[in-house]
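Trainee: What would the 3D arrangement of this be:
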Amino acid sequence: MMNGLHDKIVANGYWRINLRPLAMPAEKLAFVECEALIEKSRVELRGWDFPHISRRQDDTHGHARAGEYIENWIDWEVHSEFWRMYRSSQFLHYRALWEDLDADRYNGRPRPAERVLSVGSAIYTVTEIFELMFRLYRNGAYPSGGILSFSLENSFHRHLWINDPDRMPFSEEKILGAEKISIERTLMPEDLASADHKISLSATCDFFAHFGWDVAPITLANQQNRFLNRQF
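Mentor: Modelled structure (predicted):
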């Protein structure tokens, strides 16, 4: 990974995403199998794939086989992130918040002066995390089930923000009172096989509750369905 990228990511608000098997595979994956798993499973629902696969080797993009994992990274414009797919089938991803790297990225309702997290971006991100795990399972990973965890870090006093001008803003501020939010789910094979995004909606609601927004899953379901069907 390029020098300084990890430090740049964690200096901002950032997502940390970890997928890991409930039971270790009988044999380690070959590097080529790690690469094929990510290639077949990556999620492409908006203008940026998850995880993003950089195919270049230069000052801003790169990829490598490193010991027990493959690694891919980018530090370009609003994108500062890296991921690793381990031969144990564990997946790890760090991504700086786009809201912190580019204050002009989100059009629509004027944003607060404080650090923010877009409601829509959070819904999309959590949905992508679960969708990636569902696809990894379909492509042969996690046959005994897996543990999905994600966290929003370096985010004390971050404001939840509805940036869609067609939706009502919050009647009162929704502010994170902790440095980080951590959400974890244990997914059994039947959960992964069903690929039912009611699971991700539940996790999203638990996530928003940390900001003081106690929202029902049905409130978010329509926006998530439009996202999954690429209806922006």
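
Trainee: right, and residue 54 touches residue 70 too?
Mentor: No - if you go by Cβ atoms under 8 Å, residue 54 and residue 70 don't touch, sitting 11.7 Å apart. All C-beta atoms are positioned from the backbone trio N, CA, C, and that covers glycine.

Trainee: Common neighbours of those two, please.
Mentor: Among the neighbours of residue 54, those also in contact with residue 70 (Cβ atoms under 8 Å, 6 or more residues apart in numbering) are residue 63.

Trainee: Mind giving me the packing neighbours of the longest helix along the chain?
Mentor: Using DSSP state H, we find that the single longest helix of the chain is helix 119-138. On a contact count with 3 or more Cβ pairs under 8 Å, 6 or more residues apart in numbering; DSSP states H and E, helix 119-138 meets strand 14-21, helix 31-41, strand 146-153, strand 159-161, helix 189-194, helix 198-209, helix 217-228.

Trainee: which regions of the chain lie under the pLDDT threshold?
Mentor: Of all residues in the chain, those with pLDDT under 70 make up the ranges 103-110, 232.

Trainee: among the helices and strands packed on helix 119-138, which is the most enclosed?
Mentor: Ranked by mean neighbour count, these are led by strand 159-161 with a mean of 22 (mean count of other Cβ atoms under 10 Å).

Trainee: Return the longest helix of the chain as PDB; C-alpha atoms alone will do.
Mentor: C-alpha atoms of helix 119-138 as PDB (Å, rounded to 0.1, in the frame of the first residue of the first chain):
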ATOM      1  CA  VAL A 119     -28.400   9.700   5.300                       C
ATOM      2  CA  GLY A 120     -28.600   8.500   1.700                       C
ATOM      3  CA  SER A 121     -24.800   7.700   1.600                       C
ATOM      4  CA  ALA A 122     -25.100   5.700   4.800                       C
ATOM      5  CA  ILE A 123     -28.100   3.700   3.500                       C
ATOM      6  CA  TYR A 124     -26.200   2.900   0.300                       C
ATOM      7  CA  THR A 125     -23.000   2.000   2.100                       C
ATOM      8  CA  VAL A 126     -24.600  -0.400   4.500                       C
ATOM      9  CA  THR A 127     -26.600  -2.000   1.700                       C
ATOM     10  CA  GLU A 128     -23.400  -2.500  -0.300                       C
ATOM     11  CA  ILE A 129     -21.700  -4.200   2.600                       C
ATOM     12  CA  PHE A 130     -24.400  -6.800   3.000                       C
ATOM     13  CA  GLU A 131     -24.800  -7.200  -0.800                       C
ATOM     14  CA  LEU A 132     -21.000  -7.900  -1.100                       C
ATOM     15  CA  MET A 133     -21.300 -10.600   1.600                       C
ATOM     16  CA  PHE A 134     -24.300 -12.200  -0.100                       C
ATOM     17  CA  ARG A 135     -22.400 -12.300  -3.400                       C
ATOM     18  CA  LEU A 136     -19.200 -13.700  -1.800                       C
ATOM     19  CA  TYR A 137     -21.300 -16.500  -0.400                       C
ATOM     20  CA  ARG A 138     -22.900 -17.200  -3.800                       C
END
